[in-house]
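Asks: here you go, sequence then predicted model.
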Amino acid sequence: MAQIYNKEDLFNQAKKVIVEHNLFFFSDVTAMLPCHHTTFYEYFKPDGEEHTELKEMLEANKIRTKSSIRAKLFKSSKAAELLALYRLICTPEEHRLLNQQYVENKFDGSSGMTINFVDNSNNK
C-alpha cells in the first residue's frame with residue numbers, strides 16, 4: 001500500500017534540509033526526506049511553483065558556497081590555490097598561456113567539431 005504524505009509538510013521538510021545542510025542537488029534533498037524520490041517528483045513537478053522555489057534555494061546555496069571558496073582562494077598565499085582562482089577568472093587567452101597543453105573545441109555549425117591540441121611548452 002502506498003504511503004500518503006502531506007504535501008505541505010514534505011515541502012517544509014525539503015526547505016528545512018536545504019537550509020540546514022547547505023544542499024546543492026535535488027538528489028540530496030530527496031535522500032533526506034521520508035519519501036521515495038519518485039514520490040517527491042509526483043508531489044513537486046519540475047514546472048511547479050514549489051519545485052521552482054526549492055531549485056532557487058539550491059542555486060542560492062551554490063552561489064554562496066562558490067563565493068566563499070573564491071574568497072578563501074583569494075586570501076591564500078599558496079601558489080596552487082592562487083592559480084586555481086586565476087584559472088576560474090582568466091580569459092581564454094590567459095588560460096591558453098597557463099596550460100602546457102590546451103585543448104580547443106570549435107564548432108563550425110556544419111560538418112561537426114574540430115579539436116586542436118596546442119602545445120605551449122615552447123612559450124615558457
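Replies: Structure's in. What do you need? Numbers count the residues shown, from 1 in each chain.

Asks: confirm residue 5 sits in a strand?
Replies: No. Read with DSSP: H, G, I helix; E, B strand; the rest coil, residue 5 is coil and lies in no strand.

Asks: measure it to residue 77 for me?
Replies: Look at residue 5 and residue 77: by Cβ to Cβ, to the nearest Å, they are 51 Å apart. Any C-beta I mention is one placed from the backbone N, CA and C, and that applies to glycine too.

Asks: more crowded one of these two?
Replies: For residue 5 versus residue 77, the count of surrounding residues by other Cβ atoms under 10 Å is larger for residue 5: 17 against 6.

Asks: contact partners for the more buried one?
Replies: 34, 35, 39, 43 (Cβ atoms under 8 Å, 6 or more residues apart in numbering).

Asks: tell me where the model's unsure across this structure.
Replies: Residue ranges of the chain with pLDDT under 70: 1-2, 100-124.

Asks: please parse it into its domains.
Replies: The chain is divided into the following domains under automatic domain parsing: 1-89, 91-124.

Asks: from the chain's centroid, how far away is the longest one?
Replies: When you say that, I think you mean domain 1-89. Mean-position distance between domain 1-89 and its chain equals 9 Å (Cα atoms, centre = their mean, to the nearest Å).

Asks: give the contact list for residue 31.
Replies: Going by Cβ under 8 Å, 6+ apart, residue 31 touches residue 37.

Asks: stretch 55-64: which residues count as buried?
Replies: Neighbour counts over stretch 55-64 (16 or more other Cβ atoms under 10 Å) mark 57, 58, 61 as buried.

Asks: now the first one: how far from residue 12?
Replies: What it means is residue 57. Residue 57 is 12 Å from residue 12, by Cβ to Cβ.
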